[in-house]
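Novice: one predicted model, sequence on top.
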Amino acid sequence: MILQSIGRRAMVALTAISSLTLAIALTTNPLLPASAAAATCDGALLPHNFVLENGKPHVTKAPYANLALYNPQNLSNFIALTLRDSRNTTAQQTCLSLLGARTLMAGATTRGYTDGAGLRHDTLLFPYPFPFSANPSTPTLQPGWLSGLAQGSAMNSLTWIYDRTHDAQWLDAASRAFESFMLPRSDGGFVSRERGLTYIQEYPTKPATYVLNGNNEAMIALDSWVRRTHDPRAASLLAELYSALKTTLPLEQVSLAMGTASSYDLLRGYPAARLRVLTSKGLTVRAAVILNDKGQQISRLAIPASRAAAYQPSLLSNGSLSRWSAGLPVGWTARVTSRTPGTFVRTTDGNSAAVRITTSGRSWEALAQDVPATRVIPNAWYRLNWRAKLQHTPNTNSTSGRVGLIALCPGASPRILAENYAVRGDNFSTFDMIVRTPPARCGLRVQLYENDWTFTGSKVTYSTVSLSLPQYASPAVQPTYPLEVLAVKAPRVQVNYTGSGWLQMWSQGRWFTVGTLPQRATVSTITNVVVPGWAQGRNIHVGYHEIHVMELTALYRRTGTLLFQQTGRRWLPLAPAAWSLEPQLNAQVSPVLVAPQAGKLPVEDPALKSRLTGPVLPGDGPTADPNLIVGSANGH
């Protein structure tokens, strides 16, 4: 499992940006440097993380060395940010957005194609000039690659420039950008139709990645284009995309201990969880295989049998949080706090003592315990384990809980070794984090706090915290499952054995039982062990999960499609940054037909017709409903 937002591995990808992110970028945050003023445009303020260099905007922070590289997704985001930046005058907004649009167009190329009727069309493309690895199991994309996400965002931003300037050249450019969605795959297009499923590929990899947020954002851009132009080709493409999501959305869903999450894509490109059998009484494995959805053998496994090993003792004092004094658990310190009454409260998880931390919006609220260096083994793996839940605040955005392990080395500043900043879930669940200590002898600090201190009233509860040596991952076998989820949706493990025991998978420093092998005196077969999604090598990124919920809400608001509403509701509990969207997901929205005939509006009902006319509609444009998706950004 790759649970990206625990800080163990940085995600390098094209990321969708919601209006929440835009709002953060446009407001003063004491943790961030002040926005720079542009040397042009009468000193207009620039969005956070952007600078102008020779009149061209680019980001100031990205996971690649040359920040000034042409990046169409960042430029489209710059346009969206500047057009809605209320700190600047309308003239300043327009000036900055035109700088972004001209830079965007400077890197554009054109390519023609011939449609089925023999008509020739010109497309406007925004290729990336640098290589990029979309997934460790697919070939690196070479310079010149196209992204369906970037093409949709560019199309949107160019229409917004047209709305601001009324200069027809920008609408013409947006029209040619739309033509890129019609570009056949054989000519370098990014709309795939494999297995009868139409999908906008964020990355043109082989095999296709099926990145959910890239497809969703491009669909929102296409929906805006249909509403603006009533182009029957765009409406027909949208209908195909909606139909495909009936198949792909359920496959994006992954069950975790804390609740229902979503996967970044539909590949198993990362190492799968190690596998073993734990013996109870005379367990002997005769044979083991991986099966596909039809029960056919994919590969054989040599699964080793092991005996249970005791958990190592915890290095923490009062990790049970059962002993309290002066309003805090004994052995724990309020490392940083606003001292707001009720910040740290003794409670229970139903079985054990717990501490509830409530954010004040004034300061970090952090509870910590230090372990001296004399008790820590240098250059060794440790497992940090805890139970927690995040209290759901209906209709109100919240921040996640956060747990960090910090190195305290002599003569050096404290250094974060690892963090999980996605402690979520309505009910208590167990979290694990495996961390390697520094080579030098250093102490360790375990810190329980919140992901974003600027929220007020978020409540995260922790219980049963331990720091110990991990359960070792060997002896075990490293299985390999089919790369494409669409090829094999639910791989299973079949074991022929005698005796009894358990089938276990290893993650984050401990073994999880995923199947029971009942007592058998003779050779027996067990076939009902489905490999959990988290153990298959999927890319589970809880930051993108929140974006997925925002996008599904926007699509539901636009179309009234129950699939988007039902999936959004099911995924909402693990998306605290989207909890304010709950009323929109619960509202009744009349379905809107998305496939108009040429020259006609999609619907003739006057009540719905009003939603489809005019240059800017709910969710369209940089100044639209702040609860809907308005653009895209790039994490390169």
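Specialist: Structure received.

Novice: check the secondary structure at the most centrally placed residue in the chain for me.
Specialist: Nearest to the geometric centre of the chain sits residue 544, at 1.6 Å (C-alpha atoms, centre = their mean). Three-state call for residue 544 (DSSP: H, G, I helix; E, B strand; the rest coil): helix.

Novice: quick one: it and residue 265 touch, right?
Specialist: No - using C-beta atoms under 8 Å, residue 544 is not in contact with residue 265, being 9.5 Å away. For glycine as for every other residue, the C-beta is placed from the backbone atoms N, C-alpha and C.

Novice: got any residues that touch both of the two?
Specialist: With contacts taken as C-beta atoms under 8 Å, 6 or more residues apart in numbering, the residues that reach both residue 544 and residue 265 are residue 212.

Novice: hang on, the earlier thing: for residue 454, see how far away the residue nearest to the centre of the chain is.
Specialist: Per C-beta to C-beta, to the nearest Å, residue 544 is found 22 Å from residue 454.

Novice: for the longest helix along the chain, buried residues please.
Specialist: Identified as the longest helix of the chain according to DSSP state H is helix 232-252. Neighbour-count burial for helix 232-252, counted by 16 or more other C-beta atoms under 10 Å, picks out 232-235, 237-238, 241-242, 244-245, 248-249, 251-252.

Novice: dump the following helix or strand past that helix to CSV, restricted to CA.
Specialist: Where DSSP states H and E defines the elements, the next helix or strand beyond helix 232-252 is strand 253-256. Extracted in CSV, the C-alpha atoms of strand 253-256 (Å, rounded to 0.1, in the frame of the first residue of the first chain):
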residue,chain,number,x,y,z
GLN,A,253,-12.6,2.4,-4.0
VAL,A,254,-10.4,0.9,-1.4
SER,A,255,-11.4,-0.2,2.2
LEU,A,256,-9.0,0.9,4.9
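
Novice: note down every partner strand of strand 253-256 and its orientation.
Specialist: strand 259-262 (antiparallel) (DSSP bridges).

Novice: the nearest residue to residue 472 once chain neighbours are set aside: how many residues sit nearby?
Specialist: Leaving aside its sequence neighbours, residue 472 sits nearest to residue 309 (C-beta to C-beta, 6 or more residues apart in numbering; 7.8 Å). Other residues within reach of residue 309, judged by other C-beta atoms under 10 Å, total 10.

Novice: helix or strand: which one has residue 309?
Specialist: Secondary structure assignment for residue 309, by DSSP H and E: no helix or strand.

Novice: for the stretch 451-600 of the chain, which segments count as helices?
Specialist: For the stretch 451-600 of the chain, the helices defined by DSSP state H, counting those that start in this stretch cover 542-559, 562-571, 582-586.

Novice: cool, and the chain?
Specialist: Under DSSP H, the chain gives helices at 19-25, 72-83, 90-106, 148-165, 168-179, 212-229, 232-252, 542-559, 562-571, 582-586, 606-609.

Novice: make CSV out of those and add distance to residue 280 and mean pLDDT.
Specialist: Below are these laid out as CSV (distance: least, C-beta to C-beta, whole Å; pLDDT from 0 to 100):
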stretch, distance to residue 280, mean pLDDT
helix 19-25, 50, 33
helix 72-83, 53, 97
helix 90-106, 63, 97
helix 148-165, 50, 97
helix 168-179, 62, 97
helix 212-229, 41, 96
helix 232-252, 35, 96
helix 542-559, 35, 95
helix 562-571, 36, 97
helix 582-586, 46, 96
helix 606-609, 63, 30
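
Novice: any idea which of the ones you listed is most buried?
Specialist: Highest mean neighbour count among these (mean count of other C-beta atoms under 10 Å): helix 72-83, with a mean of 29.

Novice: and that helix, how far from the chain's centre?
Specialist: Centre-to-centre, helix 72-83 and its host chain are 20 Å apart (C-alpha atoms, centre = their mean, to the nearest Å).

Novice: residue 414 is nearest to which of the helices of the chain?
Specialist: When the helices of the chain are compared by C-beta to C-beta, helix 542-559 sits nearest residue 414, at 24.6 Å.

Novice: show me what that closest one is packed up against.
Specialist: Packing partners of helix 542-559 (3 or more C-beta pairs under 8 Å, 6 or more residues apart in numbering; DSSP states H and E): strand 14-17, helix 212-229, strand 259-262, helix 562-571, helix 582-586.

Novice: which elements pack onto the last one?
Specialist: To tie it back to what came earlier, the one meant is helix 582-586. helix 542-559, helix 562-571.

Novice: quick revisit: could the helices of the chain go into a markdown table alongside distance to residue 364?
Specialist: Shown next, in a markdown table, are these (distance: least, C-beta to C-beta, whole Å):
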| stretch | distance to residue 364 |
| --- | --- |
| helix 19-25 | 17 |
| helix 72-83 | 27 |
| helix 90-106 | 34 |
| helix 148-165 | 34 |
| helix 168-179 | 44 |
| helix 212-229 | 30 |
| helix 232-252 | 34 |
| helix 542-559 | 20 |
| helix 562-571 | 28 |
| helix 582-586 | 27 |
| helix 606-609 | 48 |
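
Novice: and of the ones you listed, who's closest to residue 466?
Specialist: Shortest distance between residue 466 and those, using C-beta to C-beta, is found for helix 542-559: 22.8 Å.

Novice: okay, the helices and strands packed on helix 582-586 in CSV with distance to residue 459 next?
Specialist: Listed next are these as CSV, based on distance: least, C-beta to C-beta, whole Å:
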stretch, distance to residue 459
helix 542-559, 18
helix 562-571, 21
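
Novice: out of those helices, nearest to residue 186?
Specialist: Using C-beta to C-beta, the helices and strands packed on helix 582-586 put helix 542-559 closest to residue 186, at 29.2 Å.

Novice: any idea what residue 301 is bridged to?
Specialist: Going by DSSP bridges, residue 301 forms beta bridges with residue 288.

Novice: and the nearest residue to residue 511 once chain neighbours are set aside, how far from residue 319?
Specialist: Spatial nearest neighbour of residue 511, excluding adjacent residues (C-beta to C-beta, 6+ apart): residue 504 at 4.4 Å. According to C-beta to C-beta, residue 504 and residue 319 sit 24 Å apart.
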